[in-house]
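Asks: Here is my input, please return the structure:
(4 chains)
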There are 2 protein chains.
Amino acid sequence: MEELSATAYVILGMVRKEPRSGYEIKATVDGTTRFFWAASYGQIYPELKRLSEAGLVIGVDSPTGGRRRTVYEITADGEEELRAWLRQQPETFEMRDEGLLKLFFASALPRAEAVPILRAMREHRLAVNRHLREMEPLAEATEDEFTLMVLRSGLEFTEWFAGWCERTEAQLLEPTPKERSN
Amino acid sequence: MEELSATAYVILGMVRKEPRSGYEIKATVDGTTRFFWAASYGQIYPELKRLSEAGLVIGVDSPTGGRRRTVYEITADGEEELRAWLRQQPETFEMRDEGLLKLFFASALPRAEAVPILRAMREHRLAVNRHLREMEPLAEATEDEFTLMVLRSGLEFTEWFAGWCERTEAQLLEPTPKERSN
DNA sequence: ACAGGATATATCGGTCTGATATATATTTCG
DNA sequence: CGAAATATATATCAGACCGATATATCCTGT
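Replies: Below you'll find the predicted structure:
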């Protein structure tokens, strides 16, 4: 069998915790992993078909009234595949931060105009932090300690980042090294 | 005119600092922004054509012997476009961290097997940190203070993250809350 | 002279996002 | 009650983006 995409493992991991429909998988991803691994319908539905064909999940028809609905469960093969993946060294780490990118090119603007970039970055990190903080009680209530562990990394990360923005902004308000040396 | 992709602005920013060929743009991106904004040949060359057609850059034929080579310069319109973008609120922030994803699903493994995930994450962050540290003297030498500012964010980030991994690993080696309460 | 690496451009398969389309079920509220 | 809004559910498409590969030339070390 071919290698699975990372999204396939997100799906396997999610349906292992609890059988779910594609829609529910998407909702759960949006509520949990999206800060470090997102997934869209455009991936989820085709991937569910592939996983189903490969026998790693089983789709069970569970219509709600006249609305068709398929709930997927993980198979023994699927669990095995998931565990094998978990035991492999993580490869992918990517970040795309438009704020840092703008800051990198900020010499194209008057120096003072870099301040709003840092402010916007800080606001955004703080907004995410507040959001994560709201999720904390729920994560504390679950059996799974890793949910909370990962959530705490998000809390710490956003706090560190917001702090960096603040300190860097302060540094920008000071005179430049060139000006100081005059 | 249509809206430009973020990669288009990476190109504009890079050729504004210094006229460059597509190959040189890629090399510079790999040496600088790649940690928070990457770009591949598959984007760069088509985008250079579009930007050239839109009059935001000008391609100047500068062959090296018999090897064709086009060096791109930014135009006044291109600079204007770049500055307008820099003044807009940054939108995109994305992260894809396979380590955190694996940790999130680590309840599928015996508890102790989460340790190698955290170790691998820490090793990776430390490797990036060492790499950035090597680049520091170069960044310190440049006129552009934002280069160094952004590099320092990478240094701090990797240090924070490596520290988090270390602390979280220690936490895993302690007994579970359940075991403690017995 | 030749191999290996650097410079330079181009392109393709596959992943992934964000938006949109379609349909049904449930809730809200005048 | 009935209409409107919202939630559930699946499907698909254009475009962004990555990683790899192909092709060709130039430079350097031995």
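
Asks: In stretch A:58-75, which residues are buried?
Replies: Buried residues in stretch A:58-75, defined by neighbour count with 16 or more other C-beta atoms under 10 Å in any protein chain shown: A:58, A:59, A:70, A:71, A:72, A:74, A:75. The way it works is simple: take the backbone N, C-alpha and C, and place the C-beta from them, glycine included.

Asks: now the strands for chain A?
Replies: Counting by DSSP state E, residue ranges of the strands within chain A are A:57-61, A:70-74, A:93-97.

Asks: For DNA strand D, find the nearest of the ones you listed.
Replies: strand A:70-74 (3.7 Å; C-beta to the nearest atom of the strand).

Asks: Name the residues that touch that closest one?
Replies: Contact with strand A:70-74 is made by A:11-12, A:15-16, A:19-22, A:25, A:48, A:51-52, A:56-62, A:82, as judged by C-beta atoms under 8 Å, 6 or more residues apart in numbering or on different chains.

Asks: which bits of chain A sit near DNA strand C?
Replies: Residues of chain A lying near DNA strand C by C-beta under 7 Å from any atom of the strand: A:5-7, A:38-43, A:64-67.

Asks: and residue A:46, how many neighbours?
Replies: Using other C-beta atoms under 10 Å in any protein chain shown as the criterion, residue A:46 is surrounded by 12 other residues.

Asks: how about low-confidence regions in chain A?
Replies: Scanning chain A for pLDDT under 70 picks out the ranges A:1-2, A:177-182.

Asks: Repeat the analysis, applying 90 as the threshold.
Replies: Scanning chain A for pLDDT under 90 picks out the ranges A:1-3, A:64-67, A:174-182.

Asks: in it, what residue is nearest DNA strand D?
Replies: Counting by C-beta to the nearest atom of the strand, chain A gets nearest to DNA strand D through residue A:42 (3.0 Å).

Asks: Which of the strands of chain A sits closest to residue B:158?
Replies: strand A:93-97 (10.5 Å; C-beta to C-beta).

Asks: Who are the packing partners of the closest one?
Replies: Contact here means 3 or more C-beta pairs under 8 Å, 6 or more residues apart in numbering or on different chains; DSSP states H and E; on that basis strand A:93-97 packs against strand B:93-97.

Asks: Any idea how far the strand it packs on is from the middle of the chain?
Replies: Here strand B:93-97 shows a centroid-to-chain-centroid distance of 11 Å under the convention C-alpha atoms, centre = their mean, to the nearest Å.

Asks: Not counting its own residues, what contacts that strand?
Replies: A:6, A:35-38, A:90, A:92-99, A:124, B:121.
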